[in-house]
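Colleague: No letters, just coordinates:
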């Protein structure tokens with residue numbers, strides 16, 4: 001099997017049809033499988049998936065009897081993938097180019113030393129019904145990509161991996177044991193530190209941003225990043241950026257969800273304070289400002 005499309009779902013009934021239809025529309029010169037790990041959805045997600053699976057024998061779906069969380073579900077689903085290459089697609093995103101899988105597979109075929117290729121994606125803001133094209137264009141830069149992964153992190157939604165690279169260089173068992181919740185930061189950090197990789201400089205995927213998406217909610221990843229900082233001996237500048245990014249995201253979260261205490265902690269720990277930081281801080285402290293900024297956010301990215 002040339003390629004497996006690896007899809008994780010959890011309560012994705014509103015979006016899973018778009019994801020599956022976009023994969024089934026793919027034009028490839030090779031057969032591929034769609035391997036789905038549903039993480040104990042309580043809505044109609046898995047029923048929808050099963051209906052698709054009855055019509056398409058390349059869909060291999062499994063529902064976890066209990067919620068595993070993203071990292072554990074990622075690993076369990078990865079183990080069922082038979083493809084030489086693995087393309088990771090979230091159940092609420094979709095492939096926006098019908099040739100995406102062929103383009104990604106061609107890039108890996110032509111570069112046998114690459115552990116993965118990352119590609120462009122568009123960001124679709126559901127609550128505004130607006131799209132920002134090639135959202136990660138500036139990130140796909142050979143000279144700065146690894147540093148960006150280290151200090152800020154990057155989603156894997158445009159990535160196609162060699163499965164044997166994931167198995168060889170990413171210690172999933174250890175990361176599960178340590179209680180890490182996500183897969184993208186450990187994967188991209190391990191692979192950029194140990195392997196070669198490349199890019200496809202065009203948007204192939206659309207990333208859907210909505211209020212219930214995992215990335216729209218704040219999670220404490222500082223401890224995990226510091227584990228990798230020690231593992232790979234990050235320099236002082238990288239460690240400083242990790243902390244600055246952490247407290248900036250914490251401040252953004254406080255502003256978005258009106259959390260005064262988090263806003264206080266975040267602003268206090270930011271070293272280089274800017275006007276934007278103070279605006280976000282005020283939004284976390286005063287409801288009138290919070291409501292005003294929310295109204296403004298609806299008119300711009």
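Modeller: Looks like it came in fine. On a predicted model such as this, the values are computed, not experimentally measured, just so you know.
Colleague: Looking at the chain, which strand is longest?
Modeller: strand 196-209 (DSSP state E).
Colleague: so what's residue 72 up against?
Modeller: Contacts for residue 72 were tallied using Cβ atoms under 8 Å, 6 or more residues apart in numbering; they are residue 176. The C-beta positions use only the backbone N, C-alpha and C, and glycine is treated the same way.
Colleague: residue ranges with poor pLDDT in this structure?
Modeller: In the prediction, the chain carries residues with pLDDT under 70 at positions 211-220, 297-301.
Colleague: same thing but at 50, please
Modeller: For the chain, the stretches flagged by pLDDT under 50 are 213-218, 301.
Colleague: Please parse it into its domains.
Modeller: 3-216, 235-297 (automatic domain parsing).
Colleague: quick one: buried residues of the longest strand of the chain?
Modeller: Buried residues in strand 196-209, counting neighbours by 16 or more other Cβ atoms under 10 Å, are found at 197-200, 203-209.
Colleague: and residue 33, that one's in a strand?
Modeller: Yes. Judged by DSSP: H, G, I helix; E, B strand; the rest coil, residue 33 forms part of a strand.
Colleague: measure it to residue 80 for me?
Modeller: Remark: distance between residue 33 and residue 80 (Cβ to Cβ, to the nearest Å) = 9 Å.
Colleague: State the helix or strand in which residue 138 lies.
Modeller: In the assignment (DSSP states H and E), residue 138 maps to no helix and no strand.
Colleague: Could you do residue 74 as well?
Modeller: Per DSSP H and E: helix 70-79 holds residue 74.
Colleague: ok so, going back, and the longest strand of the chain, what does it pack against?
Modeller: Applying 3 or more Cβ pairs under 8 Å, 6 or more residues apart in numbering; DSSP states H and E, one finds that strand 196-209 contacts strand 94-95, helix 100-110, strand 114-125.
Colleague: tell me the centre residue of this protein?
Modeller: Centroid-nearest residue in the chain, with Cα atoms, centre = their mean: residue 155, separated by 3.3 Å.
Colleague: who has more neighbours, residue 33 and residue 80?
Modeller: residue 33 (19 against 15; other Cβ atoms under 10 Å).
Colleague: Correct me if wrong: that one contacts residue 56.
Modeller: No. Using Cβ atoms under 8 Å, residue 33 is not in contact with residue 56, being 10.0 Å away.
Colleague: what's the first-to-last distance across stretch 270-278?
Modeller: End-to-end distance for stretch 270-278, by Cα to Cα, to the nearest Å: 11 Å.
Colleague: ok so, going back, buried residues in the very next helix or strand once past the longest strand of the chain, which are they?
Modeller: Moving toward the C-terminus from strand 196-209, the next helix or strand (DSSP H and E) is helix 222-231. Under the neighbour-count criterion of 16+ other Cβ under 10 Å, helix 222-231 has 224-225, 227-229 buried.
Colleague: Can you check which helix is longest in the protein?
Modeller: Scanning the chain for the helix with the most residues, using DSSP state H, yields helix 236-257.
Colleague: now that helix and helix 222-231, what's the angle there?
Modeller: With axes from the mean of the first three to the mean of the last three Cα atoms, to 10 degrees applied, the angle from helix 236-257 to helix 222-231 works out at 170 degrees.
Colleague: Contacts for helix 236-257, please.
Modeller: For helix 236-257, the external contacting residues (Cβ under 8 Å, 6+ apart) are 147, 150-152, 217-218, 221-222, 225-226, 229, 234, 259-260, 262-263, 265-267, 269-272, 277, 280-281, 283-284, 290, 293.
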